[in-house]
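> My questions concern the predicted model and sequence given below.
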Amino acid sequence: MTRMLRACIAAFAVSLCFAASAQALPANFWGVVFQAEPTEIQFQRLKRGGVDSMRLPVDWAAVQPERGSAFSWGGVDQVVKRASAAGIDVLPFLTDAPNWAVPRGTVPGSSLHAPSHLPVSGPAASGWSNFLRAAVARYGPNGTLWSENPQIEARPIRNWQIWNEPNFKYFVTRPNPAEYGKLVTLSSSVIRAADPGAKIILGGLFARPIEATYNKKPPQAYFAKDFLEQMYKKTPGIKSKFQGVALHPYTGSFNSVGPRVEEVRKVLQANHDGSKGLWITELGWSSSNPVPGQSNTFNKGPSGQAAQLKGAFSLLERNQAKWRIQRLYWFSVDDQKASCNFCDGSGLFAEGFIPKKSWYAYVKYAGGTP
């Protein structure tokens with residue numbers, strides 16, 4: 001055998017290994033979260049870039065702002081139709097509550113408002129249940145959206161995420177693991193009665209909010225691992241009520257993402273639930289330049305943002321099987337001012353849908369074209 005032939009065989013074997021590795025990733029692995037709704041053309045570009053899935057807020061307060069009113073799905077319909085037409089899966093997170101169901105409270109330390117508790121009892125629980133049934137009837141198997149739009153390939157929603165960051169004060173002013181366990185139990189019963197094949201995914205837990213260290217009573221936040229542990233402890237039978245755990249391992253450097261993931265996996269294993277998949281439903285850094293004297297560690301500059309993405313994606317892809325990672329969503333597609341302390345630079349695209357260095361890095365991992 002000639003040296004050249006041996007080299008060719010070796011190169012071919014390496015290529016097969018890389019192909020097998022890529023094929024081993026779960027379906028719809030590469031995801032994004034948007035801040036401003038993408039246009040049809042933008043959805044198509046995202047799909048060409050390798051985006052498999054889009055995380056979408058489905059806000060009960062927006063869908064049914066008045067007690068007893070019909071559900072208004074217009075805004076959600078538009079996103080789901082555009083995504084489906086582009087061949088992109090949709091992961092909805094069902095969240096928020098209208099004032100008529102749950103009173104809003106002031107988020108501690110801010111002028112913002114959020115539901116004061118979760119809709120787990122009385123009329124609020126009934127209203128939430130009706131909202132969930134209507135969502136499955138609209139977007140699930142045999143959903144009316146698909147029958148009303150036969151020109152679009154039906155992509156029924158089978159995965160439903162319950163709330164967003166329920167361990168953090170900005171989404172419920174008094175986070176409560178036991179109360180969240182009740183919400184998951186209720187939501188699972190309602191959704192899986194409507195679609196027995198549906199999967200329930202926990203709302204993305206913010207890995208380590210600084211407010212969890214304040215020692216306030218009642219707590220303003222919990223570390224994800226502590227919140228999850230308390231939910232297991234205080235909700236008998238909860239293991240059968242959800243099929244995946246979602247995590248938002250935000251941190252100043254990708255080097256800290258691994259420890260955030262591993263501490264949550266340890267909780268799952270300790271509760272004999274280690275077979276559950278982990279969904280990274282938000283992760284990101286900002287392309288805004290760091291400002292001397294400011295403590296925002298998410299601002300990395302354009303090149304730094306791309307470097308953080310590469311580091312995090314390499315780490316998570318390499319450990320996908322070990323950590324049972326099912327999905328990976330970058331936050332976000334686009335920049336938006338005043339949404340959060342790094343949202344104005346978190347996008348893969350700048351204003352005008354101008355691609356950043358981070359977009360080209362994302363595409364390389366997702367196997368698409370820019």
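Alright, I've got the coordinates. Numbers count the residues shown, from 1 in each chain.
> Can you report how many residues lie near Gly31?
As a burial measure, Gly31 scores 25 neighbours (other C-beta atoms under 10 Å). Bear in mind the C-beta positions are built from the backbone N, C-alpha and C, glycine included.
> cool, and Gln243?
Gln243 is flanked by 18 other residues according to other C-beta under 10 Å.
> measure it to Ile354 for me?
38 Å (C-beta to C-beta, to the nearest Å).
> now do Asn341
Distance of Asn341 to Ile354, computed by C-beta to C-beta: 22 Å.
> So for Gly352, what's the pLDDT?
On the pLDDT scale, Gly352 is placed at 96.
> Can you classify it by secondary structure?
coil (DSSP: H, G, I helix; E, B strand; the rest coil).
> Just to check, Val160 is in contact with Ile200?
No Val there; residue 160 is Trp. Yes. Counting by C-beta atoms under 8 Å, Ile200 is a contact partner of Trp160 at 6.0 Å.
> shared neighbours, these two?
Residues touching both Trp160 and Ile200 (C-beta atoms under 8 Å, 6 or more residues apart in numbering): Ser187, Ile191.
> which one of those two has more residues nearby?
Trp160 (27 against 19).
> Low-confidence bits of this protein, can you list those?
For the chain, residues meeting the criterion pLDDT under 70 lie at 1-23.
> Just list the residues touching the closest residue to Pro218 other than its chain neighbours, thanks.
Nearest residue to Pro218 in three dimensions, chain neighbours excluded: Arg174, at 5.2 Å (C-beta to C-beta, 6 or more residues apart in numbering). For Arg174, the contacting residues are Gly105, Ser116, His117, Pro218, Pro219, by C-beta under 8 Å, 6+ apart.
> Verify the assumption that Ser84 is located in a strand.
No. With three-state DSSP as the criterion, Ser84 is located in helix rather than a strand.
> Quick check: it touching Gln151?
No. Between Ser84 and Gln151 there is no contact under C-beta under 8 Å: 10.5 Å.
> Which one of the two is surrounded by more residues?
More crowded of Ser84 and Gln151, by other C-beta under 10 Å: Ser84, with 22 against 6.
> Need phi/psi at the residue lying closest to that one once chain neighbours are set aside.
The shortest distance from Ser84 to any non-neighbouring residue, by C-beta to C-beta, 6+ apart, is to Arg155 (4.4 Å). With angles defined as degrees, to the nearest 10, Arg155 sits at phi -130, psi 70.
> Tell me who's in contact with Arg155.
Taking C-beta under 8 Å, 6+ apart as the test, what Arg155 contacts is Ala83, Ser84, Asp89, Val90.
> From the residues you listed, pick the one nearest Ser69.
Using C-beta to C-beta, Val90 comes nearest to Ser69 of the contacts of Arg155, at 24.2 Å.
> Double-check that the closest one belongs to a strand.
Yes. Counting by three-state DSSP, Val90 is located in a strand.
> For it, give the beta-bridge partners.
Met54 (DSSP bridges).
> so it touches Arg82, yeah?
No. Between Val90 and Arg82 there is no contact, the gap being 9.8 Å when judged by C-beta under 8 Å.
> quick revisit: which element, helix or strand, includes the residue nearest to Pro218?
Using DSSP states H and E, Arg174 falls within no helix or strand.
> how near is it to Val90?
Using C-beta to C-beta, we find Arg174 at a distance of 30 Å from Val90.
> and the residue nearest to Pro218, backbone torsions?
Per degrees, to the nearest 10, the backbone of Arg174 is at phi -130, psi 80.
> Can you tell me how far the residue nearest to Ser84 is from Tyr214?
43 Å.
> And for Gln151?
Taking C-beta to C-beta as the measure, Gln151 falls 53 Å from Tyr214.
> Distance check, the residue nearest the centre of the chain against Phe342.
Closest residue to the average C-alpha location of the chain: Thr281 at 2.5 Å, with C-alpha atoms, centre = their mean. Distance of Thr281 to Phe342, given as C-beta to C-beta: 17 Å.
> same deal with Ala24?
Distance from Ala24 to Phe342, by C-beta to C-beta: 32 Å.
> Neighbour count for these two, which is higher?
Phe342 (22 against 11).
> That one against Asn296, yeah?
Yes. Here Phe342 reaches Asn296: they are 6.5 Å apart, a contact under C-beta under 8 Å.
> Find residues that contact each of these two.
Ser286.
> and the closest residue to Cys340 other than its chain neighbours, how many neighbours does it have?
Excluding the flanking residues, the one nearest Cys340 by C-beta to C-beta, 6+ apart is Ser346, at 7.9 Å. For Ser346, the number of neighbouring residues by other C-beta under 10 Å comes to 27.
> Next: Gly304.
18.
> cool, the one 3 residues further on as well?
By the criterion of other C-beta under 10 Å, Ala307 has 18 neighbours.
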